[in-house]
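# Below is the sequence, then the predicted model.
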Amino acid sequence: MYIEDKLKQLGFEKTTPIQDGVFKLINNKKHLVGLAPTGTGKTHAYLLPILANMDFEKQEIQALICVPTNELVLQVERMLKEVEDKVRVKAYYGGSNKQREQEWLEKHQPQIVIATPQRLYEYVVELNILKIQTAKYFVLDEADMMFDFDFLSLIDAILPSLYHAKYMMFTATIMIDMLPFMKKYFGDYDLIDTNKKHQLKIEYQLINIKYQDRLEALNTLINYINPYLCFIFVSKKENQEIVYQSLVDHKLSVININSTLGVKRRSKIIDDINQLKYQYVVTSDLAARGLDFKISHVVHYDLPHHLEFFMHRSGRTARMYDSGQVITFMTVNDHRKIEKLKQQGIPFKNYMMTSDGLVKAKVKTNKFAEAEKQAISKIKKPKKVEPNYKKKNKALIKKAKQLIRREENDHRR
């Protein structure tokens, strides 16, 4: 009943596939791996059953939640407090007051810990003041991002202290680097793969700007969209400031998030974004993972250095059954990356910026090229390969093409 009551409290009308899977398997003895796209309710999928199984009378650590960034630590803490205000929770991240926390931990222990791997390592291994042996659950959220940042050695040093904990790992994809770790610690685990069940309502709009300056293209684009909230992803920090200043000059409600800002400042900006104080947010891949906002538009000012971040960036929109638009600028140098993304299943639709606004581009088809393909496909292969087969076949293909081209010339006359 706890989970059902909290779902009503949160105003959730229906649960997502990843939530259904975790709620069903949480009490199994096996460890658990959850695969789901970003923005499909993974955090509540593990928070609600953990809280449902907690003993609020015991003043000891019952759950550890490990996330890759400071911003995610604060976000998960906020989401936890929205669900349950009587739990004793501690959030440890870069910039938190270590001395004050040490003094508190000498006399108390939290019931739930949310931390980055670095901070968890410091408090558990180096300082030995977090008594995690009592934990019933250990959660690795946004796990693929942690492996990207080589957090494995830190996590590896923490897990031997968790004698009785159920391990739960949540990720958008399982990468090769994860497999030895999973084999070592997860063994024969329960797998919840919901990637195919989630149909995100995203329209991927591709704008071929060719040789046009990206900033010029962005300034044109903002005249055609009126977003609820738009995140503009820029790969290079020096370009971020240029884009931000350009939008300021256009008198738009805009903020810039980058890694040089302190944690408290970034936390304040995140609160302001949640309160809709800005319509545009310029950022790097720092905000490409986990942060939960109601975003209507994502703009790829340029493509990320690591293509997997394209999906993470795009996943900022169309969260929890909402719809969204993802707009990507493509220059003459981006064709290879765009082709790779198409091969990975990104259903790009071609758009143009015209005097009428942002409109679908008409793709011209070469019917004669198609006719050539059909004519070649009709050339019968011999049952037995004879000498000079390749040469003869080549001649037949050449003849078929010549016939189609004659028809094309006749058609043009």
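Here it is on my side, so go on. Numbers count the residues shown, from 1 in each chain.
# could you say which helix or strand contains K264?
helix 263-274 (DSSP states H and E).
# what helices or strands is that helix leaning on?
Applying 3 or more C-beta pairs under 8 Å, 6 or more residues apart in numbering; DSSP states H and E, we find helix 263-274 packed against helix 70-83, strand 254-257. Just so you know, the C-beta spots here come from the backbone N, C-alpha and C atoms, and that holds for glycine as well.
# Show me the strands paired with the helix or strand that the first one is followed by, marking each as parallel or antiparallel.
Using DSSP H and E, the next helix or strand after helix 70-83 towards the C-terminus is strand 89-92. Looking at strand 89-92 with DSSP bridges, its paired strands and their directions are strand 112-115 (parallel).
# Quick check: next helix or strand after the strand it pairs with?
helix 117-121.
# Run through who's touching that following helix.
The contact list for helix 117-121 (C-beta atoms under 8 Å, 6 or more residues apart in numbering) reads 64, 66, 68, 92-94, 96, 113, 130, 146, 151, 154-155, 157-158.
# can you check stretch 259-276 too?
So stretch 259-276 is contacted by 70-71, 74-75, 93-96, 229, 237, 255, 257, 278, 281, 284, 286, 291, 293 (C-beta under 8 Å, 6+ apart).
# centre of the chain versus that stretch, how much separation?
Offset of stretch 259-276 from its chain centre (C-alpha atoms, centre = their mean, to the nearest Å): 19 Å.
# Grab the CA positions of it and hand them over as CSV.
The C-alpha atoms that make up stretch 259-276 are tabulated as CSV, following Å, rounded to 0.1, in the frame of the first residue of the first chain:
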residue,chain,number,x,y,z
SER,A,259,31.6,23.5,-15.1
THR,A,260,33.4,26.6,-13.8
LEU,A,261,30.4,27.5,-11.7
GLY,A,262,30.4,26.3,-8.1
VAL,A,263,28.0,23.6,-6.9
LYS,A,264,25.9,26.0,-4.9
ARG,A,265,25.6,28.4,-7.8
ARG,A,266,24.6,25.6,-10.2
SER,A,267,22.1,24.3,-7.6
LYS,A,268,20.5,27.8,-7.4
ILE,A,269,20.4,27.9,-11.3
ILE,A,270,18.7,24.5,-11.3
ASP,A,271,16.0,25.7,-8.9
ASP,A,272,15.5,28.8,-11.0
ILE,A,273,15.1,26.7,-14.1
ASN,A,274,12.5,24.5,-12.3
GLN,A,275,10.6,27.7,-11.4
LEU,A,276,10.6,28.7,-15.2
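# Before I go, just wanted to say thanks for your time.
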